[in-house]
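In: any chance you can model this:
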Amino acid sequence: MGNVHVITHPLVQHKLTLMRKKDASTSSFRRLLNELSMLMAYEVTRDMPTQDIEIETPLEKMTGQVIDGKKLVLASILRAGTGILDGMLTVVPGARVGHIGLYRDPTTLEAVEYYFKMPKDMDARDVIVVDPMLATGNSAAAAVERVKKLNPKSIKFLCLLAAPEGVATLQAAHPDVPIYTAAIDRQLNDHGYILPGLGDAGDRIFGTQ
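Out: Numbering: from 1, shown residues only. Purely as a prediction, here's the structure:
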């Protein structure tokens, strides 16, 4: 699985394990997701470009490095991707946010688009598409395809969990897009859910059924 980055940091794995527990409450699941998203943000932005600026410390002038957070777009696949945004925006508060509305047809498991809104001047921006689960990969592939039409500088995909089937689908459609995830689980079940997984991420984030 080339171009796939599994984030194995102990804090990431610890929080992911707690999120997987079926008796984790909605509030604790949401809090853990926020914390885990912050940790994963450090990894997925590791190669962000920086620029030198002149600043003055309490003692003297110096040259320091800063990022241009406004050049980063976090593209959330609705609805569950919203759960990742808060943590990442805590780390990169200047990032712009885009939304991609997709739902999975329960019969075909194919992605159906119902909403798409991105910032202007996408050709000058780096995009991180976020969604907690990379299951069949159909929604991820469709979202990346839609974003590519805006010709951004780069695209990455970030998720909490991935299934081998989803990784294969996304890589077949977009081999140039790196995937960042906290774990690659065993397989999908007959309903397209990741095993062992953590259930429906959207339902657990928002407390719905």
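In: going forward, measure contacts and count neighbours with C-alpha atoms only.
Out: Fine.
In: which one's the longest helix in the protein?
Out: With secondary structure taken from DSSP state H, the chain has its longest helix at helix 26-44.
In: next helix or strand past that helix?
Out: Sequence order places strand 50-56 as the next helix or strand after helix 26-44, per DSSP states H and E.
In: which pLDDT does the model give the residue positioned nearest the centre of the chain?
Out: By Cα atoms, centre = their mean, the chain has its centre lying nearest to Val130, at 2.5 Å. Looking at Val130, its pLDDT reads 96.
In: could you check the distance from it over to Gly87?
Out: Distance from Val130 to Gly87, counting by Cα to Cα, to the nearest Å: 12 Å.
In: cool, Arg104 as well?
Out: Distance, Arg104 to Gly87, by Cα to Cα: 25 Å.
In: what's the answer for Ala75, then?
Out: Counting by Cα to Cα, the gap from Ala75 to Gly87 is 14 Å.
In: compare these two (neighbour count), which wins?
Out: Ranked by neighbour count (other Cα atoms under 10 Å), Ala75 and Gly87 place Ala75 first, with 30 against 22.
In: dump the host helix or strand of that one to CSV, restricted to CA.
Out: Using DSSP H and E, Ala75 sits within strand 72-78. The C-alpha coordinates for strand 72-78 follow below in CSV (Å, rounded to 0.1, in the frame of the first residue of the first chain):
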residue,chain,number,x,y,z
LEU,A,72,-4.7,25.4,3.6
VAL,A,73,-8.3,24.1,2.9
LEU,A,74,-9.9,21.4,5.1
ALA,A,75,-12.5,19.8,2.9
SER,A,76,-15.0,18.0,5.1
ILE,A,77,-17.1,15.1,3.7
LEU,A,78,-20.5,15.7,5.3
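In: tell me what that strand is packed against?
Out: Judged by 3 or more Cα pairs under 8 Å, 6 or more residues apart in numbering; DSSP states H and E, strand 72-78 is in contact with helix 82-91, strand 96-104, strand 126-130.
In: pick the most deeply packed of those.
Out: Highest mean neighbour count of those: strand 126-130, a mean of 25 (counted as mean count of other Cα atoms under 10 Å).
In: partner strands of that strand, with direction?
Out: Paired neighbours of strand 126-130 in the sheet (DSSP bridges): strand 72-78 (parallel), strand 154-162 (parallel).
In: and it, how far out from the chain middle?
Out: 7 Å (Cα atoms, centre = their mean, to the nearest Å).
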